[in-house]
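In: sequence first, predicted coordinates after that:
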Amino acid sequence: MTFSDFLMQNLEQFWHLTGFYNATWEHFVMLGVGLFFIWLAIKKDFEPMLLVPIGFGMLIGNIPFNTEAGLEIGIYEEGSVLNILYNGVSAGWYPPLIFLGIGAMTDFSALIANPKLMLIGASAQFGIFGAYMVALLLGFAPDQAGAIAIIGGADGPTAIFLSSKLAPNLMGAIAVSAYSYMALVPVIQPPIMRLLTTKKERVIKMKPARAVSQNEKIIFPIVGLLLTCFVVPSGLPLLGMLFFGNLLRECGVTTRLAKTASNALTDIVTILLGMTVGASTQASEFLTAQTIGIFALGFMAFIIASTSGVLFVKLFNLILPANKKINPLIGNAGVSAVPMSARISNNLGLEYDPSNYLLMHAMGPNVAGVIGSAVAAGVLLGFLA
């Protein structure tokens, strides 16, 4: 073999290993989606903490390579670095760590001061069970339908946890769908809230919440854990970590642990979770008709959840005294997108009355939604696993 033949053979072998040779149109579609997510995060400020890691993860996961070369670089190749990092998603141990951080950074005072707001958070879970029924009618298996339906809770970690247990093959589509709708809360929810409320309802002023004692704050996570997990033991991984994190925050003697859980730990897990979820959207696994169906069902679930919360407040107001009416604009906060949905409630309230601050009131159903979505996931897991 001459030197030129040897050189050409090696160049040809190198060419067959490049992304240019192995690229398909599906790869470029997914790379475009990843760039779009990054653009939304940077230019539109749509949940950059979520969309930047997910969008860049999509770029990582859709770099074309020769799968037969044994390079062990793909996220689905056993032993690869990405596969090891993805284990936190596929085995479901990233979500409980996120819930630990959520608990450590969440003040449940608004819910403790006005427990009836828990009902709003519960009503918003109708989106989950409504989507579950529709998914069954469309031919999805019960476990797949349950995993898809949890998107209606607008809680990415919960969606990942449940799909890892019930439908691992659909996890990429479910996770991206859940996080996408979480990021689009400012776009999706306001039109629903305006459509379902009158101008008179939008300016309802609620009484300031009572002061909550430190003892109440300490007792809440303990009682909350016992009540919810005795009813739904299958929700223990999420609810246990949520209430544990909140106890670290409120007990007053573990401030360092609470700060670590709510800051450094949550940031690290969010980076790894977002990046690996994005990388799991390989074109060959993601671009299917089933994925489109999952996004459509997730959108429907989110719409039902937001609608249910607002309509429940309107119905609840029919039996409440005139001086205890609830502003229906906080009904949208029953989904567990904390604190995004609560901010939407507050911003829309200020739009119609610049003196009507609803943020603290909206935080009640918002944190209740976190508990509610975890309970709903536990119910589905208990019945379908």
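Out: Cool, the structure landed. Numbers count the residues shown, from 1 in each chain.

In: L225 is in contact with G245, isn't it?
Out: No. Look at L225 against G245 with C-beta atoms under 8 Å: they stay out of range, at 11.2 Å. In short, each C-beta sits where N, CA and C put it, glycine included.

In: with neighbour numbers in mind, choose between the two.
Out: Neighbour totals were compared for L225 and G245, and G245 leads with 28 against 19 (other C-beta atoms under 10 Å).

In: quick check: that one touching A261?
Out: Yes. Using C-beta under 8 Å as the test, G245 is close enough to A261 to be in contact (5.4 Å).

In: following the helix or strand where V277 lies, which helix or strand comes up?
Out: In the assignment (DSSP states H and E), V277 maps to helix 266-279. The first helix or strand that comes after helix 266-279 along the chain, using DSSP H and E, is helix 283-286.

In: give me the contacts around that following helix.
Out: Residues outside helix 283-286 that contact it (C-beta atoms under 8 Å, 6 or more residues apart in numbering): 24, 26-27, 29-30, 62, 76, 172-173, 176, 280.

In: so which bits of it are buried?
Out: 283, 285-286 (16 or more other C-beta atoms under 10 Å).

In: pipe those into CSV and attach distance to A337 and pLDDT per row.
Out: As requested, the buried residues of helix 283-286 are exported to CSV (distance: C-beta to C-beta, whole Å; pLDDT from 0 to 100):
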residue, distance to A337, pLDDT
A283, 28, 82
E285, 26, 76
F286, 23, 80
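
In: which one of the residues you listed is nearest to V212?
Out: Ranked by distance to V212 (C-beta to C-beta), the buried residues of helix 283-286 are led by F286 at 45.2 Å.

In: give me the below-cutoff pLDDT ranges for this structure.
Out: Along the chain, the model assigns pLDDT under 70 to residues 1, 69.

In: any figure for the gap between the spatially most central residue of it and L85?
Out: For the chain, the residue nearest the mean C-alpha position is G156 (2.0 Å; C-alpha atoms, centre = their mean). Separation of G156 from L85 (C-beta to C-beta, to the nearest Å) stands at 17 Å.

In: now T276
Out: 5 Å.

In: neighbour count winner among the two?
Out: T276 (28 against 16).

In: how about the nearest residue to the more buried one, chain neighbours excluded?
Out: By the measure of C-beta to C-beta, 6 or more residues apart in numbering, the closest residue to T276 outside its immediate chain neighbours is Y86, 4.5 Å from it.

In: quick one: N114 from L320, how far?
Out: 12 Å.

In: my guess is I102 meets F244, correct?
Out: No. Counting by C-beta under 8 Å, I102 sits too far from F244 to count as a contact (11.0 Å).
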